[in-house]
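S.K.: just need the structure, nothing else, for what follows:
(2 chains, ligands or ions: 1)
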Amino acid sequence: MDFTLNDEQRLLQESAERYLAKEYPFAVRRRLLATDLGFNRETWKAFADLGWLGIGIPEEFGGIGGSGVETAVLMEAFGAVLVGEPYLATCVLGVGVVRLASSPVQKKVLLPKVATGDLLLAFAFAEPGSRYELSRVATRARKNGSGFVLDGRKAVVFDAAAADTFIVAARTAGGVADSDGITLFLVEADAKGLTRRDYPTVDGRRASEVTLKGVAVDADAIVGAVDSGLPVIEWVIDHAIAAVTAEAVGIMSALNRQTLEYLKTRRQFGRPLANFQVLQHRMVDMFAACELSKSMAYMAAVRAGDRDADSRAKAVSAAKVQIGKAGRFVGQQAVQLHGGMGMTDELPVGHYFKRLTMIDTLFGDVDFHLRRFAGG
Amino acid sequence: MDLTLSPHELAFQSEVRAFIRDNLPADIKRKVEDGLRLVKDDMVRWQKLLGVRGWMAPHWPEKYGGTGWSPVERYLFEEELALGGCPRVAPFGINMVGPVIIEFGSEAHKRRFLPRILSSDDWWCQGYSEPEAGSDLAALKTRAETDGDDYLVNGVKTWTTFAHYADWIFCLVRTGSKAKKQEGISFLLIDMRADGIVIRPIRTFDGGDEINEVSFTDVRVPKDNLIGREGQGWTIAKFLLGYERTGIAGVARSKKQMQRLRTIAAREMCGGRPLIEDPKFRDKVAAVEIELMALEYTNLRIVSAENAGQAPGPESSLLKFRGTEIQQAITELLLEAVGYYALPYAPDALADGWNESPIGPEYAAPLAPHYFNWRKASIYAGTNEIQKNIIAKMILEM
Ligand SMILES: Cc1cc2nc3c(=O)[nH]c(=O)nc-3n(C[C@H](O)[C@H](O)[C@H](O)COP(=O)(O)OP(=O)(O)OC[C@H]3O[C@@H](n4cnc5c(N)ncnc54)[C@H](O)[C@@H]3O)c2cc1C
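M.R.: Numbers count the residues shown, from 1 in each chain, chains lettered A, B, ... in the order given. All right, here's what the predicted structure looks like:
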């Protein structure tokens, strides 16, 4: 048993923290919020140069072949400064699918370009009526010669506006909620019949509703085996959950640090707020929530790699439940303990809180993962 | 003990209900029920209708425009307004400065200000908090110094709700330099059009723009605008704290939100059935509903004590912190109900007249901003921590 980071991981952590502290102050994020895509392509290039975009990509395809732990280390650092770049969409979700299920040819075409920052991906898995159920796929893919024609609607596709290539989950067989019969397809962003409605999200990111109307794809667009997409989706989403739990830990740590600092400096009734015992205990509970979450996030980062899908699911869902509850508590209390200041748009507190809130929603909320953990 | 309404109370209830049905403009009702942003015109339009009916200030003495209703009737009135989808009446004139003027103001003050509050011709805002004086209100620094027949006011007020709508602001200001900080505070009315007042909007992280910083630089205020005596401000502020806070629990508004939650959860699907039939979600809704009942009956118990002639006391602190906790819990459930569609941010969809089709279900857009915005409820009007301090001190004598 070893919970410590190895040398390379520590190096990654230090360099990420150092780089982001310098290049990603809150003012930068605030500027990004006002842009169309919500992120900066030059920053993305810089991430590529730092090797970050290739963490999940095998060395033979231009990456560094890192594990879930490296991803977690980076996501935690991203959380601490609220990085808005589409890392989750491209490097966790997109790369995850390709790495697990794509043919060698597809990998060769896609992955090196992702590593250099020249290709952005988006994963269209959710649908308007699917809530968090990954098997509920109504989008249809009908056979058309050797290829397929796709029709349907995809909901809240993260960073779709910037994506060059979509990975779309569509039904090739079976009923709307069947586990079998789902197939994954690569669809070019400029494919005929694909339209987007782009919007910002409440946490300052970007997403889109994506409509597919008679979108024709060739046989080489199929990712993995026909009708067997669900296990791939589940595997990828579990990795994405591990990644966002690490991001949430970065956010909680930052919130706790800033709140503690505020309590120590803000004075009311002739003394620092930090002197009030009720606030001390609150801060202790926030600290504990964050520590417990950190343990679970790193547990999930490791166990997401479990071969056994059930054991992986249990571990990841447990972490998601912990982070969902802790995130809500820490976020709400950080606002509360800042008083009126906590409600302002000017302070980062509210921005962290919004992202934490949305992380609870991503890939299933507390209730959903409680049920999944319990085996229901 | 009898927990049913008397025939008279029932008749009163239907009278109020009928009035709302016949008078509340449909566009305003829709905005309230859909959780869209109300603007000044919406609130004033509705308040003027209440004013014409003579129902603007039920709790004021009849002599000044009150209705003479019992506390139970006032409670029923509030409940009907909330359940009927009426906008909240802005509290600053009717519930705050009005009662202060009635209790401490001169006849001239009463003649000058009360009718315009009742008719909603004047919009008031509250200038208590300052950057260094929040929970510790008595630390306020804004000064009013004598200059002939006037005061010259200098200082900064902050978090001032609707200052940008306001014609008048009532302020706590420092007029003396007494050793004890509660002394030397006075209650002063200031015309928002006076020279030297600058309003700076403060954007909240939900995207809202209700609050402001209001700064005063050599603002000339006639001494006539002082309410009570110099140095009586703290007494007045305390009077106000204990005044008419039965509405503070927000029980009826929470009931209305629970209805909305049930409607939405009946439309959202989870695992192939309506979310409201999902045992986990249903149990959570039920749990909040029971907490709300406990609050409601506590509120009624306090109202009925008032009916029997007891003055409202520090119990109102319980209603405040518990009420806001429940309101916040409901906003959480509403957010959860829509799953991924809590994510799209469509600020234009929160205002009226947005013609685009909604992103996701049409009820989703306001839910996340509302959840974020409502974190304020445990901060303003005395934070929940301060409310608990009050109970510890005043009721439990700890
Ligand atoms: C949306 C909004 C609207 C508002 N509208 C108005 C308005 O119209 N007019 C107006 O005058 N004011 C208004 N306020 C201000 C509000 O009354 C203050 O924010 C509130 O009193 C808290 O003060 P503060 O913000 O300075 O926080 P602080 O007093 O600095 O408190 C920070 C934290 O410390 C806690 N704390 C402080 N003292 C203690 C203690 N002794 N024991 C335990 N915990 C403690 C608080 O509970 C809080 O969690 C508004 C505030 C908000 C958020």
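S.K.: for chain A, what's the nearest residue on chain B?
M.R.: As assessed by C-beta to the nearest C-beta, chain A sits closest to residue B:205 within chain B, at 2.6 Å. For glycine as for every other residue, the C-beta is placed from the backbone atoms N, C-alpha and C.
S.K.: can you count the residues close to that residue?
M.R.: 24 (other C-beta atoms under 10 Å in any protein chain shown).
S.K.: repeat for residue B:279
M.R.: Residue B:279 has 9 neighbours, counted by other C-beta under 10 Å.
S.K.: now it: how far from the ligand?
M.R.: Counting by C-beta to the nearest ligand atom, to the nearest Å, the gap between residue B:279 and the ligand amounts to 36 Å.
S.K.: any idea how far that residue is from residue A:347?
M.R.: 40 Å (C-beta to C-beta, to the nearest Å).
S.K.: pull the residues that contact stretch B:270-288.
M.R.: Contacts to stretch B:270-288, defined as C-beta atoms under 8 Å, 6 or more residues apart in numbering or on different chains, come from residues A:131, A:133, A:136, A:177, A:367, A:370-371, B:258, B:261-262, B:265-269, B:326, B:329-330, B:333, B:336-337.
S.K.: hang on, the earlier thing: tell me the pLDDT of the residue of chain B closest to chain A.
M.R.: At residue B:205, the model reports a pLDDT of 97.
S.K.: how is the chain carved up into domains?
M.R.: Picking chain A for this. Here the domain parsing of chain A from automatic domain parsing is A:7-88+A:96-118, A:122-229, A:231-374.
S.K.: I was after chain B.
M.R.: Split by automatic domain parsing, chain B gives B:7-89, B:124-232, B:249-396.
S.K.: give me the distance between the two termini of the shortest one.
M.R.: One end of domain B:7-89 to the other measures 28 Å (C-alpha to C-alpha, to the nearest Å).
S.K.: what about stretch B:329-349, start to end distance?
M.R.: Length of stretch B:329-349, first residue to last, C-alpha to C-alpha: 24 Å.
S.K.: same question for stretch A:264-279.
M.R.: End-to-end distance for stretch A:264-279: 11 Å, by C-alpha to C-alpha.
S.K.: tell me where the stretch 51-200 of chain A has strands.
M.R.: For the stretch 51-200 of chain A, the strands defined by DSSP state E, counting those that start in this stretch occupy A:121-124, A:140-144, A:147-158, A:165-171, A:182-188, A:194-200.
S.K.: and the pLDDT for residue 144?
M.R.: Using chain A here. We note a pLDDT of 95 for residue A:144 in this prediction.
S.K.: think we crossed wires, I meant chain B
M.R.: Note for residue B:144: predicted pLDDT of 97.
S.K.: show me the contacts for the nearest residue to residue A:63 once chain neighbours are set aside.
M.R.: Spatially, and ignoring its direct neighbours in sequence, residue A:63 is nearest to residue A:57 (2.5 Å; C-beta to C-beta, 6 or more residues apart in numbering or on different chains). Residues in contact with residue A:57 (C-beta under 8 Å, 6+ apart) are A:63, A:64, A:65, A:95, A:99, A:111, A:112, A:114, A:115.
S.K.: go again using 6 Å as the cut-off
M.R.: Listed by C-beta atoms under 6 Å, 6 or more residues apart in numbering or on different chains, the contact set of residue A:57 reads A:63, A:95, A:111, A:115.
S.K.: for the second one, give me its contacts.
M.R.: Same thing as residue A:95. Contacts of residue A:95 were listed using C-beta under 6 Å, 6+ apart, and they are A:56, A:57, A:114.
S.K.: of those, which belong to helices?
M.R.: The helices, defined by DSSP state H, take in residue A:114 from the contacts of residue A:95.
S.K.: how about TSV for the contacts of residue A:95, with pLDDT added?
M.R.: Output for the contacts of residue A:95, formatted as TSV (pLDDT from 0 to 100):
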residue	pLDDT
A:56	96
A:57	98
A:114	98
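S.K.: let me know the closest of the contacts of residue A:95 to residue B:101.
M.R.: Within the contacts of residue A:95, proximity to residue B:101 (C-beta to C-beta) peaks at residue A:56, which comes in at 67.5 Å.
S.K.: just the pLDDT for the closest residue to the closest one other than its chain neighbours.
M.R.: In space, and not counting its chain neighbours, residue A:56 is closest to residue A:95: 4.7 Å by C-beta to C-beta, 6+ apart. Model confidence at residue A:95, expressed as pLDDT, equals 98.
S.K.: in contact with the residue of chain B closest to chain A, which residues?
M.R.: By C-beta under 6 Å, 6+ apart, the residues touching residue B:205 are A:345, A:350.
S.K.: where does the stretch 51-200 of chain A get nearest to the ligand, residue-wise?
M.R.: Nearest residue of the stretch 51-200 of chain A to the ligand: residue A:82, at 22.3 Å (C-beta to the nearest ligand atom).
S.K.: what sits against that residue?
M.R.: Per C-beta under 6 Å, 6+ apart, neighbours of residue A:82: residue A:29.
S.K.: now it: phi and psi?
M.R.: Dihedral pair for residue A:82: phi 60, psi 60, per degrees, to the nearest 10.
S.K.: which parts of stretch B:145-153 are buried?
M.R.: Across stretch B:145-153, burial judged by 16 or more other C-beta atoms under 10 Å in any protein chain shown covers B:150, B:151, B:152, B:153.
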